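Student: just need the structure, nothing else, for what follows:
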Amino acid sequence: MVFWEGYASDELMGTFAPIVVYWLYAGMYQLLPPLDRFRLHTRKEEEQKNLVPLSSVVKGVLLQQLVQATVAQLLFLMTSKLCSTETQIQPSLPVQLMQFIVAMLVMDTWQYFVHRYMHQNKFLYRHVHSQHHKLVIPYAIGALYNHPLEGLLLDTFGGAISFLISGMTARTAVYFFCFAVVKTIDDHCGLCLPGNIFHIVFQNNTAYHDIHHQHQGTKFNYSQPFFSVWDRLLGTYMPYNLIDREEGGFEARPLKDKLI
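Tutor: Below is the predicted model of the structure:
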């Protein structure tokens, strides 16, 4: 039994829980003290380099989430009609764990190749993906700030395909999509906090993705949101050192001479 049983369906939770989690988790980062000694960029850099105001970022994220919720409802409606009641019985925890891993690998694969193509295709980069890179200095609330087409192709379709291929139930999908949202926000938060579980478990983390947002790294570190496997296999991995800045905080400095 889960806490929402009797109040909301798994399908409804799978649609709206990730949106609620997004604003709660990203909002937590937004409300934190400055924490300058853990930042990858100074607040002055953020103000000078970012090309879009916070209000526009919020509107862009809300638009993407509207599309995301619509597609999720259609997806759950389609799968509930195709599946019998028996196949919707919640599987054992080991099976759910395997479905999680499969979904993570599928999402990583989809996002790597779509993301990389959006950089390599000049038209798509100029008219679609460049919107996300207006946040040269990423921050948590801007994790899903994308052109609507990119949001649909990269995130929404990526989530749908991961759900379908992994075979997870709507209830398992609630946990998976919320987890994916939290990981994506963390990758864009701009902070290297001690004890951050995502930095301990995943090499694809805040500093890793920060390299991609900088001018010298836009052709590298395409992998998101979980692993760095595809970057390493296909020669787009850019290693880096995390060094202390004199004025406080950290800098993820690329090691161009050690490119894989």
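
Student: so what pLDDT did the closest residue to residue 205 other than its chain neighbours get?
Tutor: In this structure, residue 205 finds its nearest non-sequential neighbour in residue 199, 4.7 Å apart by CB to CB, 6 or more residues apart in numbering. Glycine gets a C-beta too; all of them are placed from N, C-alpha and C. The score at residue 199 is 89. That number is its pLDDT.

Student: any idea how far residue 199 lies from residue 103?
Tutor: With distances taken as CB to CB, to the nearest Å, residue 199 is found 22 Å from residue 103.

Student: comparing those two, which shows the higher neighbour count?
Tutor: Between residue 199 and residue 103, counted using other CB atoms under 10 Å, residue 103 has the larger neighbour count: 27 against 17.

Student: now the helices for the stretch 101-250 of the chain?
Tutor: Remark: helices assigned in the stretch 101-250 of the chain by DSSP state H, counting those that start in this stretch are 122-127, 148-150, 157-166, 170-188, 197-201, 206-213, 229-233.

Student: where does the closest residue to residue 181 other than its chain neighbours fall, secondary structure wise?
Tutor: The shortest distance from residue 181 to any non-neighbouring residue, by CB to CB, 6+ apart, is to residue 18 (4.7 Å). Secondary structure assignment for residue 18, by DSSP states H and E: helix 10-31.

Student: how much does that helix deviate in direction from helix 170-188?
Tutor: Helix 10-31 runs at 20 degrees relative to helix 170-188, counting by axes from the mean of the first three to the mean of the last three CA atoms, to 10 degrees.

Student: going forward can the numbers begin at 698, since that is how I track them
Tutor: Shifting the count to begin at 698 puts that one at helix 707-728.

Student: put the alpha carbons of helix 707-728 into PDB.
Tutor: What follows is helix 707-728, C-alpha atoms only, in PDB (Å, rounded to 0.1, in the frame of the first residue of the first chain):
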ATOM      1  CA  ASP A 707      -1.300   5.600  -9.800                       C
ATOM      2  CA  GLU A 708      -1.700   7.100 -13.200                       C
ATOM      3  CA  LEU A 709      -2.600  10.500 -11.800                       C
ATOM      4  CA  MET A 710       0.300  10.300  -9.400                       C
ATOM      5  CA  GLY A 711       2.600   9.300 -12.300                       C
ATOM      6  CA  THR A 712       1.500  12.400 -14.200                       C
ATOM      7  CA  PHE A 713       1.600  15.100 -11.500                       C
ATOM      8  CA  ALA A 714       4.000  13.800  -8.700                       C
ATOM      9  CA  PRO A 715       7.100  14.500 -10.800                       C
ATOM     10  CA  ILE A 716       5.900  18.100 -11.400                       C
ATOM     11  CA  VAL A 717       5.300  18.700  -7.700                       C
ATOM     12  CA  VAL A 718       8.600  17.100  -6.800                       C
ATOM     13  CA  TYR A 719      10.300  19.400  -9.400                       C
ATOM     14  CA  TRP A 720       9.100  22.600  -7.800                       C
ATOM     15  CA  LEU A 721       9.700  21.400  -4.300                       C
ATOM     16  CA  TYR A 722      13.200  20.200  -4.900                       C
ATOM     17  CA  ALA A 723      14.300  23.000  -7.200                       C
ATOM     18  CA  GLY A 724      12.600  25.500  -4.900                       C
ATOM     19  CA  MET A 725      14.600  24.100  -2.000                       C
ATOM     20  CA  TYR A 726      17.800  25.000  -3.900                       C
ATOM     21  CA  GLN A 727      16.500  28.400  -4.800                       C
ATOM     22  CA  LEU A 728      15.800  29.200  -1.100                       C
END
